[in-house]
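>>> for reference, the sequence and a predicted model appear below.
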Amino acid sequence: MTPKAVYWDMDGTLIDSEPLHERALTTVLKSLGITPPDDLHDRVVGIAAVPVYEMLRDEFGLKLPFDDWILRKYVYYMEHIATLKPRAGAVEVYRDLRAQGVPLAVVSNSDRLIVEANLRVIGVDRPGLKSVTRNDVRNGKPDPEPFLRAAWLTGVDPAETYVVEDSHAGATAGVAAGMRTLFWPQQPMETPPGAIHVSSLEELRAHLGVE
């Protein structure tokens, strides 16, 4: 099936930003006297800020109010954002689809501040770009609402759209939205039920019909 629209996750899919998110998270926690476990980042990949904060509060005794915690994390992230690079090959596929006239949208569990900054770094911000951030919906991924909003923005039947995701939460959301979901993780990870595992850039291009 040729996609009538493609919805891209941002962090870890279009931009190789997960290591910076991890450093921001661990730096803030250590500054507060909390030693994060080695698997913390794996547990929170693709999860929105509020549920991550609630987990840190409940499991690790984080006492800082949410607004103060997220401010510290975002300050660190923004101070280092210029070091980020696109995920290898992803932006090229994105631009090839755009050149073919395929409607595109970026759908992220990050706040708009982070999404727009990332888009500028990888050079795909442009007038008319459609995006859905955590600030735009009531429920973030793994709920299907963000992807269903993208379908509404592009005016395309969800069943005729594709999702490109690197996280379990994101791929679960795409499947729940009734979209053909390509799961393209950066490290070995169990594929969510209903998603299509993609192990290489070449496979991704083939699934999306990009020469």
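Perfect, thanks for sending it. Numbering: from 1, shown residues only.
>>> elements contacting the helix or strand hosting residue 202?
Counting by DSSP states H and E, the element that carries residue 202 is helix 201-208. Using 3 or more C-beta pairs under 8 Å, 6 or more residues apart in numbering; DSSP states H and E as the contact criterion, the elements in contact with helix 201-208 are helix 90-99, strand 161-165, strand 180-183. Quick note: C-beta positions are derived from backbone N, CA and C, even for glycine.
>>> the bottom helix or strand of this structure by mean pLDDT?
In the chain, no helix or strand scores lower on mean pLDDT, DSSP states H and E than helix 40-44, which sits at a mean of 86.
>>> centre of the chain to it, how far?
Averaging C-alpha coordinates over helix 40-44 and over its chain gives two centres that are 14 Å apart (C-alpha atoms, centre = their mean, to the nearest Å).
>>> ok, and what's touching that helix?
Contacts of helix 40-44 with the rest of the structure, by C-beta atoms under 8 Å, 6 or more residues apart in numbering, involve 18, 21-22, 25-26, 52, 55.
>>> now secondary structure too, for those residues, in JSON lines please.
What follows is the contacts of helix 40-44, written out as JSON lines (DSSP: H, G, I helix; E, B strand; the rest coil):
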{"residue": "18", "secondary structure": "helix"}
{"residue": "21", "secondary structure": "helix"}
{"residue": "22", "secondary structure": "helix"}
{"residue": "25", "secondary structure": "helix"}
{"residue": "26", "secondary structure": "helix"}
{"residue": "52", "secondary structure": "helix"}
{"residue": "55", "secondary structure": "helix"}
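>>> got a list of what residue 162 touches?
Listed by C-beta under 8 Å, 6+ apart, the contact set of residue 162 reads 3, 5-7, 179-182, 207-208.
>>> any of the residues you listed buried? List them.
If you count burial by 16 or more other C-beta atoms under 10 Å, the buried members of those come out as 3, 5-7, 179-182, 207-208.
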